[in-house]
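Chemist: Quick one: sequence and predicted model below, then my questions.
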Amino acid sequence: MGPGTSSESETRSGLRHGPYNRIWALSWPTILSNLTVPMLGAVDTAVMGHLPDPAYVGGVAVGAMIFSFLYWGFGFLRMGTTGFVAQARGRKDGDEIRAILARALLVGLMAAVVLMVAQFPLRLGAMGLLEAAPDVESLAGRYFDTRIWGAPATLANYAVLGWLLGMQYARAALAIQIVINGLNATLDIWFVVELGWDVEGVALATAIAQYTGAFLGLALIGIRLKKIPGLWSRNRILDLAELGALFRVSRDIFLRTLAMIFAWSLLTWMGARLGTTVLAANALLMNFQSFLAHGLDGFAHATSALVGEAVGAKNRDALRKTVIAATVMAAGVAVGYSLIYGLFGANLLALLTDIPELRDFAGDYLIWMTLSPILSVWAYQLDGIFIGATRAAEMRNAMIVSVAIYTVSMFTLPDLLGNHGLWASVMLFMVVRALTLAAFYPRVARMLEAP
């Protein structure tokens, strides 16, 4: 049986009744997997929060933020791998399915070596930019020095998860994420509470969990590959044309990611200019946006896998049905988010802070959280389509245009509307992202035209 003939979701669930079932089968494991990420951050904070000095919380928060920025830049390993392998699956090209995985792992390993070799200037540069208090900076440095050795496993997991999602093995990807985050949380408690290793314990728990997940992922992939015809070919892996395509996509996604990092950093910086209360309130509200993003990304990942398969197979009808089904379902989930945020937003804020003044102030801006799902869903869905089609240049260009308009808005609307102006700018950013990608969508459809 060839790789494009069936999939885990189809064979196990009998999903042969249309694109809606396939989208759902791929989406729900990814949504659950994504939602474990912010939950793990809460565990890290809670463990540190029970130590006698609040600097421990700050040290882990700063250290984790540095790695978030470092690794976020390598998101192309997951996104690019998903798109390329989905297209190879659509072509039923078992040799290329293997070669894509090998290329992604090689790139990840080379990047990890660079990070580890350059760890000292990276740490000094990051600390210099953040300008944290001396005790927080010292703790963050200890966290950094331990966790950096997990870089090979972390970047390998990007490639592994991207490959599994592209091959539509969503449940295997979920299992790996559950193991990584579950083991991480367990080791957090053991190392910190039982052994007293404070920040090094949290960092070591993360590194061990990442290596465990990488080995498990590679083992699961090995099992899957036994059922997929094809061979490992060094010439195929090192094919210059394919390597060039990988680096072009990686470059464009990396530049897009840098632009996005700037956009979200600008929100924090502009909020700080409006005062500590605004900064703290916006940090609380960003939790709403974070859970929204992790949820809607589940549909985007499913979309990218099925779009990539349709592009690889040059099946225009499958592309159209996938795009319609995924967008309808994601829109429905977005409406659900809006209802939950609208009805229970104040209750959710109460879970995040017990400071009445801060809770009341943040509550004045919950209207933006209620609107955000409806305004944001289109950008996430279009991201999934373009990742599956590996149209990274269009993603880069759309992001640059969106960030430029967003930046102008950020330096204009807050002067007129205060913090409402900041959130209006964020919503404008999401809408412009969708509009610019939609303008490029005909290029995706033209990929399926006969040569």
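Modeler: Received it, and whenever you're ready, just let me know what you need.
Chemist: switch to C-alpha atoms for all contacts and neighbour counts from now on
Modeler: Will do.
Chemist: what's the closest non-adjacent residue to Tyr71?
Modeler: The spatial neighbour of Tyr71 that comes closest, neighbours along the chain excluded (Cα to Cα, 6 or more residues apart in numbering), is Leu155 at 7.7 Å.
Chemist: got the contact list for that neighbour?
Modeler: By Cα atoms under 8 Å, 6 or more residues apart in numbering, the residues touching Leu155 are 71, 74, 77, 105, 108-109, 112.
Chemist: again, 10 Å this time
Modeler: The contact partners of Leu155, by Cα atoms under 10 Å, 6 or more residues apart in numbering, come to 71, 74-75, 77-78, 104-112, 210, 214.
Chemist: give me the element Leu32 is part of.
Modeler: helix 19-49 (DSSP states H and E).
Chemist: what's the following helix or strand after that helix?
Modeler: Counting by DSSP H and E, what follows helix 19-49 is helix 55-72.
Chemist: Give me the helices and strands touching that next one, please.
Modeler: When contacts are defined as 3 or more Cα pairs under 10 Å, 6 or more residues apart in numbering; DSSP states H and E, helix 55-72 packs onto helix 19-49, helix 119-130, helix 134-147, helix 151-166, helix 198-225, helix 240-273.
Chemist: Turn those helices into JSON lines, columns for mean pLDDT and distance to Ala280.
Modeler: Shown next, in JSON lines, are these (pLDDT from 0 to 100; distance: least, Cα to Cα, whole Å):
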{"stretch": "helix 19-49", "mean pLDDT": "71", "distance to Ala280": "16"}
{"stretch": "helix 119-130", "mean pLDDT": "82", "distance to Ala280": "17"}
{"stretch": "helix 134-147", "mean pLDDT": "84", "distance to Ala280": "18"}
{"stretch": "helix 151-166", "mean pLDDT": "93", "distance to Ala280": "30"}
{"stretch": "helix 198-225", "mean pLDDT": "92", "distance to Ala280": "24"}
{"stretch": "helix 240-273", "mean pLDDT": "86", "distance to Ala280": "9"}
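Chemist: Among these, single out whichever gets nearest to Gly295.
Modeler: helix 19-49 (5.1 Å; Cα to Cα).
Chemist: domains of the protein?
Modeler: Using automatic domain parsing, the domains assigned to the chain come out as 1-238, 252-451.
Chemist: Which one, of those domains, ends up nearest to Leu246?
Modeler: Proximity to Leu246 (Cα to Cα) singles out domain 1-238 among the domains of the chain, at 7.3 Å.
Chemist: For the helix or strand encompassing Ala102, buried residues please.
Modeler: Per DSSP H and E, Ala102 falls inside helix 94-117. Buried residues in helix 94-117, counting neighbours by 16 or more other Cα atoms under 10 Å, are found at 94-109, 111-112, 115-116.
Chemist: That one versus helix 119-130: what angle between them?
Modeler: Calculated by axes from the mean of the first three to the mean of the last three Cα atoms, to 10 degrees, helix 94-117 forms an angle of 70 degrees with helix 119-130.
Chemist: helices or strands next to helix 94-117 in the packing?
Modeler: Partner elements for helix 94-117 (3+ Cα pairs under 10 Å, 6+ apart): helix 76-91, helix 119-130, helix 151-166, helix 198-225, helix 234-237, helix 240-273.
Chemist: Output the below-cut-off pLDDT ranges for the stretch 301-450 of the chain.
Modeler: Low-confidence segments of the stretch 301-450 of the chain (pLDDT under 70): 353, 449-450.
Chemist: Asn347 contacts Asp360, correct?
Modeler: No - counting by Cα atoms under 10 Å, Asn347 stays clear of Asp360, with 11.3 Å between them.
Chemist: Just the strands from the stretch 301-450 of the chain, written as ranges.
Modeler: Under the criterion DSSP state E, counting those that start in this stretch, the stretch 301-450 of the chain contains no strands.
Chemist: Just say which of the helices and strands packed on helix 55-72 is most tucked in.
Modeler: Greatest average neighbour count among the helices and strands packed on helix 55-72 goes to helix 151-166 (a mean of 27), per mean count of other Cα atoms under 10 Å.
Chemist: from the chain's centre, how far out does that one sit?
Modeler: Here helix 151-166 is found 12 Å from its chain centre; the criterion is Cα atoms, centre = their mean, to the nearest Å.
Chemist: same question, stretch 316-335
Modeler: Centre to centre, stretch against its chain (Cα atoms, centre = their mean), the figure for stretch 316-335 is 20 Å.
Chemist: Can we start the residue count at 474 from this point?
Modeler: Got it, the first residue is 474 from now on, which makes the last one we talked about stretch 789-808.
Chemist: That stretch: which residues count as buried?
Modeler: Buried residues in stretch 789-808, counting neighbours by 16+ other Cα under 10 Å, are found at 789, 791-792, 794-796, 798-800, 802-804, 806-808.
Chemist: so which of the residues you listed comes closest to Ala756?
Modeler: Ala807 (21.4 Å).
Chemist: which residues sit in contact with the closest one?
Modeler: Contacts of Ala807 (Cα under 10 Å, 6+ apart): 765, 768-769, 801, 813, 843-851.
Chemist: wait, Gln683 sits on Ile621?
Modeler: No - if you go by Cα under 10 Å, Gln683 and Ile621 don't touch, sitting 11.5 Å apart.
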